[in-house]
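3D model of this:
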Amino acid sequence: MNLNLDSDLARRMAEPGEVEAALAAAKAEYRRLAALGSGDKDWPVTGWWHCAEAAQQLDLIKAKAAEIRENADVFVLVGVGGSNQAARAVIEAVKKPGGPEIVYSGNTLSAHGVAEVLQKIEGKSVYIDVIAKNFETLEPGSHYRVLRAAMAKRYSKEEMAKRVVLTGTVGSRLEEIAKENGCTFLHFPRRVGGRYSAFTPVALLPLAVAGLDVDAYLAGGLAMEEGLAKNEGGLAAEYAAVRYALYRRGFQVEMLTAFEPRLFWAEQWWKQLFGESEGKEKKGMLPASMINSEDLHSMGQYMQDGLRFMTETFLAVDDPGASVVIEPDPDFGDAFDYLDGMDFANINRAAEKATIQAHAAGGVPCMVLRLPRIDEHTFGLVYYFFMVACALSGRLLGVDPFDQEGVEEYKRSMFAALGKPGVKGR
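Here you go, the predicted structure:
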């Protein structure tokens, strides 16, 4: 599977026998989810469980992506949360030359943010992908209206039909709009929640437009799926069990830490996955993140000497992806001669190793998830690992890891304030 989880430093801080008991429970939950497969009438939310089933319309996606790459200066990805986080994390980490500029929209209600998007598409050849499962979320709906108006000033109805892709649930208003206007319609599987949509058309089209290898990405997900199936959840069950055992001991925050800035958006995706899945019924760890070594000079102080209510999981990458050697400069006198001949990759590894040792010695339960490299295949591995782990972790907590009623609460108040028909304030 090419991922390795070292949980020894965290297990030491759990109660004796607690991890083993949690692991047995996690494996039982894995068997239950695996038996459900891609969903049934009682719990129809595991349509992501089998990567090959989730990856619908792949030929259409590749053909449309090729058209967009050939004709677009700018590709606007309109979506919020789970509708864009998975794709954005891979795109920002595994950048490839060529292709259109990718602009992210539909993820803010800031007037300045919307104006920036409009400025970026001005005078450019534009394609957009509007992603909304039920087309009721305010951010993508409002951004689509603004973008549609801007594009209508430049393109005919026929040209607009080519340049707009709509990704939603079959039978939704978004599908109706696609049919009415002749737009390409991609499936947002009904049995998949947004934060679990990493292997569906929701993420696959943007990745293909960015010139990334979607076949390698899907192969990574499938490899992890098959690997976990051989051992009743394997690494994912272990990760969920250790987290739960520590949570039972009073650890309330998990810090996901990386020494690779390219993983910033991957951490954002992870925070949504776990925050929206577990934060229910006044339960769940708060997911937080750090990018080192920069954050060592701020949050690193708290991690070392602050309150002991946090665990830490490190995303360690074996292949740095580049080599930069510090050349000797004996006449400069900057007191950094001890670095002569060193590669930044080795310096970064030394900082990472020292941080793990220091935080663990300071009373922080630490796990290390080791990635071979940062590429499409690895992201497939990582996404499937974390999605299964999150589902198992939620079940250990006794919450439904697939709903998000807390998110709906603010929406009701907001829609009432905005005068949406049929919505009353509290």
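
report the buried residues of the lengthiest helix in the chain.
As assigned by DSSP state H, the longest helix anywhere in the chain is helix 376-397. Within helix 376-397, the residues that count as buried by 16 or more other CB atoms under 10 Å are 376-397. Placement of C-beta: from N, CA and C, glycine included.

other SSEs contacting it?
helix 18-36, helix 85-93, helix 214-229, helix 234-248, helix 264-278, strand 366-371 (3 or more CB pairs under 8 Å, 6 or more residues apart in numbering; DSSP states H and E).

tabulate these (JSON lines), appending mean neighbour count and distance to residue 357.
JSON lines is the format used below for the helices and strands packed on helix 376-397 (neighbours: other CB atoms under 10 Å; distance: least, CB to CB, whole Å):
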{"stretch": "helix 18-36", "mean neighbour count": "17", "distance to residue 357": "21"}
{"stretch": "helix 85-93", "mean neighbour count": "24", "distance to residue 357": "27"}
{"stretch": "helix 214-229", "mean neighbour count": "20", "distance to residue 357": "29"}
{"stretch": "helix 234-248", "mean neighbour count": "24", "distance to residue 357": "19"}
{"stretch": "helix 264-278", "mean neighbour count": "21", "distance to residue 357": "22"}
{"stretch": "strand 366-371", "mean neighbour count": "21", "distance to residue 357": "9"}
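
want to try a markdown table for these, with distance to residue 308 and mean pLDDT as columns?
Below are the helices and strands packed on helix 376-397 laid out as a markdown table (distance: least, CB to CB, whole Å; pLDDT from 0 to 100):
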| stretch | distance to residue 308 | mean pLDDT |
| --- | --- | --- |
| helix 18-36 | 17 | 95 |
| helix 85-93 | 30 | 98 |
| helix 214-229 | 32 | 98 |
| helix 234-248 | 11 | 98 |
| helix 264-278 | 20 | 98 |
| strand 366-371 | 13 | 99 |
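
TSV please, covering the ones you listed and showing distance to residue 4.
Converted to TSV, the helices and strands packed on helix 376-397 look like this (distance: least, CB to CB, whole Å):
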stretch	distance to residue 4
helix 18-36	17
helix 85-93	19
helix 214-229	12
helix 234-248	8
helix 264-278	17
strand 366-371	4
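
the ones you listed: which one's closest to residue 77?
helix 85-93 (6.8 Å; CB to CB).

next structured bit after that closest one?
strand 101-105 (DSSP states H and E).

just how off-centre is the next helix or strand after that following strand within its chain?
Per DSSP H and E, the first helix or strand lying C-terminal to strand 101-105 is helix 111-121. A distance of 24 Å separates the C-alpha centroid of helix 111-121 from that of its chain, computed with CA atoms, centre = their mean, to the nearest Å.
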